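Q: Here is a sequence with its predicted model. Questions after.
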Amino acid sequence: MTEKIYQDWPSLLKGRRLALIVTGGVAAFKAVDLVRRLLKAGAQVRVAMTESATRFVGPLTFEALTHQPCVHDMWKRPQAEIAHVGWAEWAEAMIVAPATANFMAKAAHGLADDFASTLFLAHEGPKLMAPAMNTGMWINPATQANASLLGQRGLKVLAPVCGKLASGRIGPGRLPNPKALMRYATRLLTPKPFAGKTFVVTAGATRESWDDLRYLTNRSTGQMGLALAQAAWLMGAKVFLIAGPALVDPIWSGEEFGFLTVETTQSLLETTRARFSEADCLIMNAAPADFKPVKIAGKIAKNELSPLVMALERTPDVLKTIAEAGKAPHQTVVGFAAESEDAVARAWAKLKDKGLDYVAANQAGGPGSAFGSPNTHIWLLNKNGEKTEIGPGPKFGAAWALLEKLAEDLDGGGAVA
């Protein structure tokens, strides 16, 4: 497990070397924003363009951003370097965004008649291609066959987004937004210890209504659960994130990342239980409301609120209910214990009581509370009696370190099935 605590997921790109190929199309302007974001994250970027791409965005724009030459002509380069070979060896990964139908066809059939296509063919590392074109061109059987062929060879081809195109037509063909491209680029460069695994992650507080307008809840924002889901996806897992209403759609929804909002603790239980059968790992980071009113009223007027006596009953114990139902030998269950005092001691008890594989103990309330904070401090306990301290530090960094520990145990035949 690395000792580095990452600030956020873009910080995974710091120091990484990426080559970007920009091909001709209206969406070429989005490549400028992508480069800006990659550089802000600390990545090193070199840009190559097709000749037609220069009709939409000037090479000088990319040179000004990257402080590197932007090559678009095979014959205009420093003579001391075979540029397409040097760049191909320099880059750890390659992105083509936007990718035209023409460039996809050349890539699929090994054609190399300009600098960009030659660079693409020479690069031996991971590659990501983001097509953008007219809907008719995208759905054409020839383009679909080329996309399929590239995918069979291990190249990641992102399906274009549906929306209004430059032609005025509405349909698939838009380039994914630069932040989405950046996420996929990060995943491209990340080790994949959880490839082929499915993670179900719960996050945030639930709400229990006591009249038509008001509810009982807690201070959990869901940010830790979101960080765990993001980290698992970046490490290669298929992820399903189930969150309380405090966590809005994180805009990660899409390929191999599902997102669903639930309201009550009962809904959290039902949704999680339905998904558990397909999970290799369940991470219960949600902070369910522990009590609910026995009776829900219509809107109670202010003059009826003082004094107010409310009868409460316990909500279901989601984690214990699922754990008691039993799990398959390959499944791993991780719980969280948010305690105001004696967090580690109480977490050990929770680990045993609920038959969990892991419990992550953290501070709830008082100085150092993780609730509502961008930072956390975790003690990860496992059923083998091991204790690992993570943090204090940013929640994404803690999530990354926690999952690295799970991956180490998986690789070593430890607590993770």
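A: Sure, I can see it.

Q: what's downstream of the helix or strand of the chain with the lowest mean pLDDT, the next helix or strand?
A: Lowest by mean pLDDT, DSSP states H and E among the helices and strands of the chain is helix 83-90, with a mean of 81. Scanning forward in sequence from helix 83-90 by DSSP states H and E, the next helix or strand is strand 93-99.

Q: Show the average pLDDT along that next one.
A: Mean pLDDT, strand 93-99: 97.

Q: Offset the numbering so it begins at 570, please.
A: Noted, 570 is the first residue going forward, which turns the last one into strand 662-668.

Q: Distance from it to the middle of the chain?
A: Mean-position distance between strand 662-668 and its chain equals 19 Å (C-alpha atoms, centre = their mean, to the nearest Å).

Q: sec struct for Ile811, please.
A: strand (DSSP: H, G, I helix; E, B strand; the rest coil).

Q: Apart from its chain neighbours, what residue comes closest to it?
A: Thr771 (4.9 Å; C-beta to C-beta, 6 or more residues apart in numbering). Quick note: C-beta positions are derived from backbone N, CA and C, even for glycine.

Q: Stretch 604-619 - what's its average pLDDT?
A: Stretch 604-619 comes out at a mean pLDDT of 97.

Q: And that stretch, end to end?
A: 17 Å (C-alpha to C-alpha, to the nearest Å).

Q: Could I get the buried residue list for it?
A: Across stretch 604-619, burial judged by 16 or more other C-beta atoms under 10 Å covers 604, 606-608, 610, 612-619.

Q: Give me the subset of these lying in helices.
A: Here DSSP state H is the test, and the buried residues of stretch 604-619 give Val604, Arg606, Leu607, Leu608 as lying in helices.

Q: now the helix or strand in which Val769 is found, how far from the centre of its chain.
A: Secondary structure assignment for Val769, by DSSP H and E: strand 767-772. Strand 767-772 has its C-alpha centroid displaced from the chain centroid by 12 Å (C-alpha atoms, centre = their mean).

Q: Give me the contact list for that strand.
A: Residues outside strand 767-772 that contact it (C-beta atoms under 8 Å, 6 or more residues apart in numbering): 791-795, 797-798, 801-802, 806-813, 816, 837, 841, 844-845, 847-855, 887.

Q: out of these, which are inside helices?
A: Residues of those located in helices (DSSP H): 792-795, 797-798, 801-802, 837, 841, 844-845, 887.

Q: Could you pull up the mean pLDDT of the host helix or strand of Leu975?
A: Element membership for Leu975 (DSSP H and E) is helix 964-980. Average pLDDT, helix 964-980: 92.

Q: list the buried ones in it?
A: Buried residues in helix 964-980, defined by neighbour count with 16+ other C-beta under 10 Å: 964-976, 978-979.

Q: Closest one to Met702 out of these, please.
A: Distances from Met702 to the buried residues of helix 964-980, taken as C-beta to C-beta, are shortest for Phe965 (34.6 Å).

Q: I figured the closest one hits Trp578, correct?
A: Yes. Between Phe965 and Trp578 there is a contact under C-beta atoms under 8 Å: 5.8 Å.

Q: intersection of neighbour lists for these two?
A: Common neighbours of Phe965 and Trp578 (C-beta under 8 Å, 6+ apart) are Gln799, Ala800.

Q: so Tyr753 sits in a helix?
A: Yes. Secondary structure of Tyr753, determined by three-state DSSP: located in a helix.

Q: contacting residues around it?
A: So Tyr753 contacts Leu697, Ala699, Lys725, Leu727, Pro745 (C-beta under 8 Å, 6+ apart).

Q: Leaving aside the residues adjacent along the chain, what's closest to the second one?
A: Nearest in space to Ala699, with sequence neighbours left out and distances taken as C-beta to C-beta, 6+ apart, is Ala666 at 4.1 Å.

Q: which residues touch that neighbour?
A: Neighbouring residues of Ala666 by C-beta under 8 Å, 6+ apart: 589-591, 596, 599-600, 603, 697-699, 701, 744, 750.

Q: quick one: contacts of stretch 599-611?
A: 579-585, 587, 589, 591, 614, 616, 626, 630-631, 634-635, 664, 666-667, 744, 746-748, 750-751, 754.

Q: tell me the contacts of the residue nearest in space to the middle of the chain?
A: Compute the mean C-alpha point of the chain, and by C-alpha atoms, centre = their mean the closest residue is Gln799, 3.1 Å away. Applying C-beta under 8 Å, 6+ apart, we find Gln799 in contact with Trp578, Pro819, Trp821, Phe965, Ala968.

Q: If we use 7 Å, what do you get?
A: Shown in contact with Gln799 (C-beta atoms under 7 Å, 6 or more residues apart in numbering): Trp578, Trp821, Phe965.

Q: Let me see the contact set for the second one.
A: I take that to be Trp821. So Trp821 contacts Gln799, Phe828 (C-beta under 7 Å, 6+ apart).

Q: Which ones among the contacts of Ala666 lie within helices?
A: Among these, DSSP H puts Lys599, Ala600, Leu603, Leu750 in helices.

Q: Closest one of those to Gly655?
A: Ala600 (21.5 Å).

Q: I'd like to know how many residues surround Thr712.
A: 20 (other C-beta atoms under 10 Å).

Q: close enough to count as contact, Leu734 and Asn703?
A: Yes. Using C-beta atoms under 7 Å, Leu734 is in contact with Asn703, at 6.3 Å.

Q: Comparing these two, which shows the higher neighbour count?
A: Between Leu734 and Asn703, counted using other C-beta under 10 Å, the more crowded position is Leu734 (20 against 17).

Q: that's a helix at Gly737, yeah?
A: No. The assignment for Gly737, made by three-state DSSP, is coil rather than a helix.

Q: Just want to check the distance between Leu975 and Asn709.
A: Using C-beta to C-beta, to the nearest Å, one gets 44 Å for the distance from Leu975 to Asn709.

Q: who's in contact with Ala929?
A: Taking C-beta under 7 Å, 6+ apart, we find Ala929 in contact with Val903, Phe905, Ile947, Leu949, Leu971.
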